[in-house]
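S.K.: Build me a model:
(one chain, ligands or ions: 1)
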Amino acid sequence: MAAVGVFALQGDVREHLAVLTALGAEAFPVRRPAELARCDGLVLPGGESTTMAKLARAFELLEPLRERIKDGMPTFGTCAGMILLADRIVGGTHDQETLGGLDVTVRRNAFGRQVDSFEDDLPFVGLPDPVHAVFIRAPWVERTGPDVEVLAEAQGHPVAVRQGHLMATSFHPEVDGDGRVHRCFLDLVG
Ligand SMILES: NC(=O)CC[C@H](N)C(=O)O
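M.R.: Prediction:
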């Protein structure tokens, strides 16, 4: 059984734990380096990305997370988690720290105020039927490096991507009860 941690210093941790557990993973919250060390894979949930980065630093998780991601630990970032995985951020504060690893530029709060939150059914590479995607003050991917595969788009912008062992979505696949996107991630964990 794959041991899959959910970064749990901030964000919608419980929803991810529930989906992962329903899919048969051993899912647990990660707040300390010892818990991170047990992970075969990790989910970075939605929340507030600047707060998450600051807490990760305060709890001495920032460098260990960077190391594990660089060493190839399968990692799935949703919404704020996508921002944390991005190598470059626009639309944030200029000194915002990320974990990095994913060769993309991500724009924070990209869909603008009027449509801070919306839902859409999106075709998703590798899945036969569209995914119901819930966007909450969501980022989009503005630029992708050569090794990044776009898995889904909304309003003409990439909102789900994969690069080797890393996967990220702008939307929240943990809130609509459909486990297929998490299943794609668990396939990366193996
Ligand atoms: N639902 C979310 O995770 C929102 C992300 C948030 N807007 C940020 O920039 O961190």
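S.K.: which element is the most centrally placed residue in the chain on?
M.R.: The chain has G77 as the residue nearest its centroid, 0.9 Å off, counting by Cα atoms, centre = their mean. When elements are assigned from DSSP states H and E, G77 belongs to strand 75-78.
S.K.: Just checking that strand against the ligand, any contact.
M.R.: No: Strand 75-78 stays clear of the ligand (Cβ under 6 Å from any ligand atom), getting no nearer than 7.1 Å. Placement of C-beta: from N, CA and C, glycine included.
S.K.: CA atoms only for the next helix or strand after that strand, dumped as PDB, please.
M.R.: Later in the chain than strand 75-78, the nearest helix or strand by DSSP H and E is helix 80-85. Output of helix 80-85 as PDB, limited to C-alpha atoms (Å, rounded to 0.1, in the frame of the first residue of the first chain):
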ATOM      1  CA  ALA A  80      -2.000  26.800  -3.800                       C
ATOM      2  CA  GLY A  81      -0.100  23.500  -4.000                       C
ATOM      3  CA  MET A  82       0.400  24.100  -7.700                       C
ATOM      4  CA  ILE A  83       1.900  27.600  -6.900                       C
ATOM      5  CA  LEU A  84       4.300  25.900  -4.400                       C
ATOM      6  CA  LEU A  85       5.500  23.500  -7.000                       C
END
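S.K.: Can you tell me which residues in the protein are near the ligand?
M.R.: G46, G47, E48, S49, C79, A80, I83, R108, N109, I136, R137.
S.K.: Among these, name the ones in helices.
M.R.: Of the residues of the chain next to the ligand, the ones assigned to helices by DSSP state H are S49, A80, I83.
S.K.: Do a quick rundown of the strands in the protein.
M.R.: Secondary structure of the chain (DSSP state E): strands located at 3-7, 26-30, 41-44, 75-78, 86-90, 102-107, 117-122, 131-136, 140-144, 149-154, 157-163, 166-169.
S.K.: would you list the ones you listed in a markdown table and tack on mean pLDDT?
M.R.: Below are these laid out as a markdown table (pLDDT from 0 to 100):
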| stretch | mean pLDDT |
| --- | --- |
| strand 3-7 | 98 |
| strand 26-30 | 98 |
| strand 41-44 | 98 |
| strand 75-78 | 98 |
| strand 86-90 | 96 |
| strand 102-107 | 97 |
| strand 117-122 | 94 |
| strand 131-136 | 95 |
| strand 140-144 | 97 |
| strand 149-154 | 98 |
| strand 157-163 | 98 |
| strand 166-169 | 98 |
